[in-house]
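Visitor: Sequence isn't available, so here's the structure alone:
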């Protein structure tokens, strides 16, 4: 009996760590024209994990979803090795453009200069507190990347860091005129949800996307007129008993709130990837690796 139970646990653990699921989200926006749409694949926390020969299992699933762009919200690697991560980037770049922000493990690995050279070979857009424009069907989208605070020496006081950098983008306009009406954070925070959504929707005709590794700062991200925020870092709570969001997440502790799925506040939607790989605790349980597929349509 013990051997049988152990066998079942091993099978369950293998499936939980290697069977890739696809989470689908459909969003609507008045900023899109009637005939337009945007398909985004959100990848996070690969941690240099391999899925099939030369990432064939992972790449096949992404290719079938026919994305317009791939957003990577950090932790491509786990340590100084990055062969599997680069294989993924190489193959994924053949499908569509890739936009990327760094996570804490890119810093912990200590070799980002080398990794950066390789990423640029495949035309990955690396966003370090800056914004890039993406155009499809004559619709422009702004993709802003908030660099992980560990690279700026703010691993502990990173909430003030996030506020500072987003305020700087708002104030200086270095994010390609990120917000046309330049709403102040104070006004935004004290504005009722419905009033905020109405005002923010008129603040710019460009759909605003934020990539940031850390999801627990949603109360800060939603203080700005971002339409969509994509995050990772929480690994889905690592072990996910039924009816929970997982048992533990970095920077959130036990029984974390922001580990997966979609959350909406002040007209901003945050979608969190459970990630693909592992770090530290090498085991997922009832927490399958995840590809997030988001389709944005006109309202």
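Guide: That came in fine, so what should we check first? As the structure is a prediction and not an experimental result, all values here were calculated from the model.

Visitor: quick one: residue 26 and residue 299, what's the gap?
Guide: With distances taken as Cβ to Cβ, to the nearest Å, residue 26 is found 12 Å from residue 299. Any C-beta I mention is one placed from the backbone N, CA and C, and that applies to glycine too.

Visitor: Please apply the same query to residue 68.
Guide: 19 Å.

Visitor: which of the two has more neighbours?
Guide: residue 68 (18 against 10; other Cβ atoms under 10 Å).

Visitor: ok, and the helix or strand in the protein with the lowest average confidence?
Guide: The weakest-scoring helix or strand in the chain, judged by mean pLDDT, DSSP states H and E, is helix 185-189 (a mean of 36).

Visitor: Okay, now the unreliable bits of the stretch 1-150 of the chain?
Guide: Residue ranges of the stretch 1-150 of the chain with pLDDT under 70: 2, 4-9, 12-13.

Visitor: can you give me the helices for it?
Guide: 2-18, 56-64, 83-93, 104-109, 112-121 (DSSP state H, counting those that start in this stretch).

Visitor: Distance to residue 50 and mean neighbour count added to those helices, as a markdown table?
Guide: Converted to a markdown table, the helices of the stretch 1-150 of the chain look like this (distance: least, Cβ to Cβ, whole Å; neighbours: other Cβ atoms under 10 Å):
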| stretch | distance to residue 50 | mean neighbour count |
| --- | --- | --- |
| helix 2-18 | 10 | 11 |
| helix 56-64 | 9 | 16 |
| helix 83-93 | 4 | 20 |
| helix 104-109 | 16 | 20 |
| helix 112-121 | 17 | 14 |
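
Visitor: and of those, who's closest to residue 243?
Guide: helix 2-18 (17.1 Å; Cβ to Cβ).

Visitor: who's in contact with residue 275?
Guide: Residue 275 sits next to 44, 45, 46, 47, 75, 232, 233, 234, 235, 236, 289, 290 when contact means Cβ atoms under 8 Å, 6 or more residues apart in numbering.

Visitor: Check residue 237 too.
Guide: 244, 245, 246, 247, 248, 249, 256, 259, 260, 287.

Visitor: Try it again at 10 Å.
Guide: Contacts were defined as Cβ atoms under 10 Å, 6 or more residues apart in numbering; by that measure residue 237 touches 244-249, 252, 254-260, 274, 284, 286-287.
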